[in-house]
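# Can you look at this prediction? I've put the sequence above it.
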Protein chains: 2
Amino acid sequence: MFRTILSNFSLHVSLSSQEKEIAVQALQSKLIPKRSFLVRPGEIQREIYFVVSGSMRMFYPEESGQEYNICLYPENWWACDVVSFFNQKPSLNTIQALEDTQVYYYTFSALEALFITVPKFERFFRILSQNGFEMYQKRIISDHSKTAEERYLDFRKLYPGLEQRISQKHIASFIGITPVFLSMMRKAKNL
Amino acid sequence: MFRTILSNFSLHVSLSSQEKEIAVQALQSKLIPKRSFLVRPGEIQREIYFVVSGSMRMFYPEESGQEYNICLYPENWWACDVVSFFNQKPSLNTIQALEDTQVYYYTFSALEALFITVPKFERFFRILSQNGFEMYQKRIISDHSKTAEERYLDFRKLYPGLEQRISQKHIASFIGITPVFLSMMRKAKNL
DNA sequence: CGTCTATTTGAATGTACTCAAAAGCGGTGG
DNA sequence: CCACCGCTTTTGAGTACATTCAAATAGACG
């Protein structure tokens, strides 16, 4: 049952079976219906989610009503406004389920407790944050150096198969183009 | 002498005079000549720099020879490839002085020692990282939502006065446009 | 089935880029 | 200290990439 999350932990730390047990005990789980929200601007992110199935997005809702997808979270991704969660300060963003989504999650306080009992997890989540940091740095470079087509292909490499599960407008928003242009491009280039 | 760095610390942590003393003792300082390099791709970032005067840039050097400025660091900024430094893994980027630059710095091991004697500094540098994280997230949204002109004005707000000290091609690279277009835009709009 | 949203299509437009050449500026050596 | 060389910025013309607006079509959901 906890196979996927345990193998995710093992990407960065190696755990004894006892440590695995402790980590798993502290987890909670829930099903998030499509279109429902986990965090909204002004709220503090109090939980960090591991996506078992389904997918979510984090977006910045501009005053104009425009939404900018910052990150997509399919299976095996950790979904969370990292800045809000680790500083327990209000989020600027919204996290929303794009499909019915099954998650495991730690509350902030459960995670604090886990850090004390099994300090390795501090390392794990530090690496997780740093990977996010690196991913965003690369996105900036990619936005400055690549065409929409290249960014679309990068999206498909980063999130294999996801393009068949979520609407094109969310993909367009993620790569920073209009849905209209994504549609034209896909047709013109047979993508 | 350490006024600027101490007031920088006090943005996020409050320190006793003894703690200040310890922090300052662990600092080293050096002068980095214009155009010289602090980190190069493949090297591990072993020091974290506080800019006292002058300025530096971090850029990603593409195979093609093209360079993409990821961040600019004038006075009172901490300059460092965060990912390389905190994980002590090879950097992908280059850090270079844009002017003769005076810095204070901690080596990685000096900082580790400081974290043990004055744990508050762990908090300080965690907040520093998270601020970087947040800044990059905002850059992505900005790249997806704003025009070159708006991004140029944002640049000038973020780095007051810096536009008179560094070459336009570095500004253009930072905001993700060509130097030619920056020049045209500044003329057309009297910026 | 009907409504609402998402996608497609087309035409016109705008923003930013490329290429090329000229002008400006800064550092270096004679 | 001046002259020259190399790099940066400017200027102009032509082009490409991506957007907007609008209307038609297709899909999803109650």
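Now that the structure is in, tell me what you want to look at.

# From one end of stretch A:87-99 to the other, what's the distance?
One end of stretch A:87-99 sits 28 Å from the other (CA to CA, to the nearest Å).

# List the buried residues in that stretch.
A:87, A:91, A:92, A:93, A:94, A:95, A:96, A:97, A:98, A:99 (16 or more other CB atoms under 10 Å in any protein chain shown). Glycine gets a C-beta too; all of them are placed from N, C-alpha and C.

# Once you drop chain neighbours, what's closest to residue A:29?
Counting by CB to CB, 6 or more residues apart in numbering or on different chains, residue A:29 lies nearest to residue A:104, which is 5.0 Å off, once chain neighbours are set aside.

# Backbone dihedrals for the one you found, please?
When read as degrees, to the nearest 10, the backbone of residue A:104 gives phi -100, psi 150.

# who's in contact with it?
A:2, A:5, A:27, A:28, A:29, A:49, A:50, A:52 (CB atoms under 8 Å, 6 or more residues apart in numbering or on different chains).

# Which one of the buried residues of stretch A:87-99 is nearest to DNA strand D?
For the buried residues of stretch A:87-99, the residue nearest DNA strand D by CB to the nearest atom of the strand is residue A:99; the value is 8.8 Å.

# what about that closest one, which SS state?
With DSSP: H, G, I helix; E, B strand; the rest coil as the basis, residue A:99 sits in coil.

# Helix or strand: which one has the residue in chain A sticking out farthest from the centre?
For chain A, the largest distance from the centre (CA atoms, centre = their mean) belongs to residue A:188, which lies 30.6 Å off. If you go by DSSP states H and E, residue A:188 is part of helix A:179-189.

# where does chain A come near chain B, residue by residue?
For chain A, the contact set with chain B under CB under 8 Å from any CB of the partner chain comprises A:60, A:62, A:66, A:68, A:70, A:82-83, A:86-87, A:126-127, A:129-130, A:132-134, A:136-137, A:139-141, A:143-145, A:173, A:176.

# out of those residues, which are inside helices?
A:82-83, A:86-87, A:126-127, A:129-130, A:132-134, A:136-137, A:139-141, A:143-145, A:173 (DSSP state H).

# Now the buried members of these.
Buried among these (16+ other CB under 10 Å): A:82-83, A:86-87, A:126, A:129-130, A:132-134, A:136-137, A:139-141, A:143-144, A:173.

# so where's chain A shaky on pLDDT?
Regions of chain A meeting the criterion pLDDT under 70 are absent.

# so which residue of it comes closest to DNA strand C?
With CB to the nearest atom of the strand as the measure, residue A:183 is the residue of chain A nearest to DNA strand C, at 2.9 Å.

# what's the burial count for that residue?
13 (other CB atoms under 10 Å in any protein chain shown).

# just residue A:42 next, same as before
9.

# Which secondary structure state does residue A:106 sit in?
Per three-state DSSP, residue A:106 ends up strand.

# Got the phi and psi for the nearest residue to it once chain neighbours are set aside?
Closest residue to residue A:106 apart from its sequence neighbours, by CB to CB, 6+ apart: residue A:48 at 5.4 Å. Phi and psi for residue A:48, reported as degrees, to the nearest 10, are phi -120, psi 130.

# correct me, but residue A:48 touches residue A:80?
Yes. With contact defined as CB atoms under 8 Å, residue A:48 and residue A:80 form a contacting pair (4.2 Å).

# Among the two, which residue is more densely surrounded?
residue A:80 (29 against 22).

# can you pull the contacts of the more buried one?
Remark: with contacts taken as CB under 8 Å, 6+ apart, residue A:80 is in contact with A:45, A:47, A:48, A:49, A:95.

# on that earlier part again, packing partners of the helix holding residue A:188?
Counting contacts by 3 or more CB pairs under 8 Å, 6 or more residues apart in numbering or on different chains; DSSP states H and E, helix A:179-189 packs against helix A:148-158, helix A:168-175.

# about what we covered before: also near DNA strand D: which of the residues of chain A next to chain B, exactly?
residue A:176 (CB under 7 Å from any atom of the strand).
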